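**Q** Coordinates for the following, if possible.
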Amino acid sequence: MRIGVLRNTFLPASETFIYEQLNQYRNVQVEVITREVANRDKFPNQWSINTIVGAAGSSLQKKLTKLLYTLTFTSTRHINRIVEQRGIELVHAHFGVDAVYAVPVCKERGIPLFATFHGYDITRLPKLMPGPLSWLVYYVKFKRLVRDTTLFLAVSNHIKQKLMAHGVPEHKIKIHYIGIDLNKVFYREAPDRDIVTIMTVGRLTEKKGIAYLIEAFHLLAARRDNVRLVVAGDGPLRQELKQLAASRAGAGRITFLGSIPHSEVLRQLSDSDIFCLPSVTAKDGDQEGLGMVILEASGTGLPVVATSSGGIKDAVLNGKTGYLVEERSAAQLEEKLDMLVSNQPLRAAIGQNGRAFVEQQFDLCLQTEKLEQLYKQYIGEKQHV
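**A** From the prediction side, this is the model:
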C-alpha cells in the first residue's frame, strides 16, 4: 500500500506525535505531501517528501506559490500531480484544516481520504474569525469536507462528539488513539524523595491553564516546604506567569524551563513525582483533543492531576491513574496534589496503574497496526466498487 500523508507544514516542532506515528508504519509506503518543510533537523526521516513550495525558485516565487496553494488556486493541481506520479492509493490528512486541500483530488480519483482531527480544528474551528488564510478556506469548504471525506479519525470521544455536533454522521467517525512509543517512554517505580517535584508541560497559552496550577502551588507551598514546580514550555503568557510565580508562598520554588526537546521532556518527567495538566476551555473555544503528554507521564509512572477539559477524560481514569478536577479551580488542584505529595505509596500505586493503562490502550505500535488495517480495508473496498 502506498499512502499519502498530508500536512500543510511538515512538521511543526510540537507535532512529534505525527512523526512517531510515521516511524511505526510497517506495511505501507509513505509519501509525505506538504506545502512546505519545516524543522527538518528535528525530524530526520527516510520517507519521500513531496514539497510544493520547495520546488519554487526565488524567495518571492516561494511566497507566491504558498499563497496560491493556501487559497486553493493551485492546490488541487499540485496534489493531483503528486498522487498520480507516486501511485498513492489513499490520502491521510492530519488536521481538518489541511484535509480540505485533498478533498477535490480524492473525490475525482476515487481514492479514500482519511482526516485525523486533533483538537483546535473542531473545538476552536471552523468559524469565521481572525487567523491564518487557511482557517478562512477551512470555514468556507467545511461542508464539502463533511460530505466527501471517507473516514474521520477522532483522537478522543470528545472530538467525536464535536465532529457530530458539526454535522459529521456518526458512521463516518472512528475514535483512534495515536498512542505513544513505549520503547522510548521508560517506566520507573515511584521514588521516595525528600523533595516532591510537580511537573507540567505545554505552550504557555490560555488553554493550558498554567495560572491555575501556579495559584494551586502557592496554596500548597504555604503548608509544605518539600514541594517544587517545574514548567516546561514557552508562549505568549511566559512573563505574566513568571510574575505570578514570584508573587507568593511558592516564589523561588517554581522553575520555568522554556521550550525543550522532546527527549528532554521525557527525562524531566522521569525526574518528577507528579504530573499536572490544568487545561481549560479558552475564550475562543479551543480545548484539549486528548493530552498526549498525559500518556507520556502515565507511561513513566507518574500519577496525574488534570482537569476534565476536552478529551482529557479519555487519558485519565479518575481515581485509578490520576485525578480529574473542574476547570479553573486552584482549590481542587491543590487538594489532589496535596493528597499525592503526602502519600508516596499512593503515588506508586497510581503510577503503576497509569503504565498498565497506557500499555493497554495507547501503545503506538499496536495503534498503528490498527490504522494500517483500516487503510487496507478501505483501499480494498474502493478496488471492489
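
**Q** show me the contacts for Asn188.
**A** Residue 188: Arg, not Asn. Ser270, Thr300, Gly301 (C-beta atoms under 8 Å, 6 or more residues apart in numbering). Where C-beta positions appear, they are placed from N, C-alpha and C, glycine not excepted.

**Q** no, scratch that, I was asking about Asn226
**A** Taking C-beta under 8 Å, 6+ apart, one finds Asp194, Ile195, Val196, Val341 in contact with Asn226.

**Q** And for His94?
**A** Val5, Leu6, Arg7, Glu15, Ile18, Thr116, His118.

**Q** Bridged to it, which residues?
**A** His94 has these beta-bridge partners by DSSP bridges: Thr116.

**Q** what's around Asn23, how many residues?
**A** Counted by other C-beta atoms under 10 Å, the residues lying close to Asn23 total 15.

**Q** again, but for Pro169
**A** 11.

**Q** low-confidence ranges in the protein?
**A** Where the chain drops to pLDDT under 70, the residues are 55-57, 382-385.

**Q** And the host helix or strand of Ala232, what does it pack against?
**A** Assigned by DSSP states H and E, Ala232 belongs to strand 227-232. The criterion is 3 or more C-beta pairs under 8 Å, 6 or more residues apart in numbering; DSSP states H and E, and the helices and strands that strand 227-232 contacts are strand 196-201, helix 210-221, strand 254-258, helix 262-270.

**Q** Can you list the strands that it pairs with?
**A** Strand pairing (DSSP bridges) places strand 227-232 next to strand 196-201 (parallel), strand 254-258 (parallel).

**Q** just so I know, which of these lies nearest Asp181?
**A** Closest to Asp181 of these is strand 196-201 (C-beta to C-beta; 16.6 Å).

**Q** Can you name every helix or strand that the lengthiest helix in the chain contacts?
**A** The longest helix of the chain (DSSP state H) is helix 364-383. With contacts taken as 3+ C-beta pairs under 8 Å, 6+ apart, helix 364-383 sits against helix 16-24, strand 90-94, strand 113-117.

**Q** Secondary structure element holding Val30?
**A** Here Val30 is assigned to strand 29-34, by DSSP H and E.

**Q** Tell me the buried residues in the longest helix of the chain?
**A** For helix 364-383, the buried set under the neighbour-count rule, 16 or more other C-beta atoms under 10 Å, comprises Leu364, Leu366, Gln367, Thr368, Leu371, Glu372, Leu374, Tyr375, Tyr378, Ile379.

**Q** How about stretch 260-274?
**A** Of the residues in stretch 260-274, those buried (16+ other C-beta under 10 Å) are His262, Val265, Leu266, Gln268, Leu269, Ser272, Asp273, Ile274.

**Q** what's in contact with it?
**A** Applying C-beta under 8 Å, 6+ apart, the contact partners of stretch 260-274 are 16, 42, 184-186, 188, 190-191, 193, 196-199, 201, 230, 232, 257, 275, 293, 296-297, 300, 302-305, 337, 340-341, 347.

**Q** Of these, just the buried ones, ChimeraX syntax please.
**A** To isolate the buried ones among the contacts of stretch 260-274 in ChimeraX, judged by 16+ other C-beta under 10 Å, type:
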select :16,185,190,196,197,198,199,201,230,232,275,293,296,297,300,302,303,304,305,337,340,341,347
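
**Q** Can you pick out the ones from the contacts of stretch 260-274 that are in helices?
**A** Per DSSP H, these map to helices at Thr16, Val293, Glu296, Ala297, Thr300, Leu337, Leu340, Val341, Arg347.
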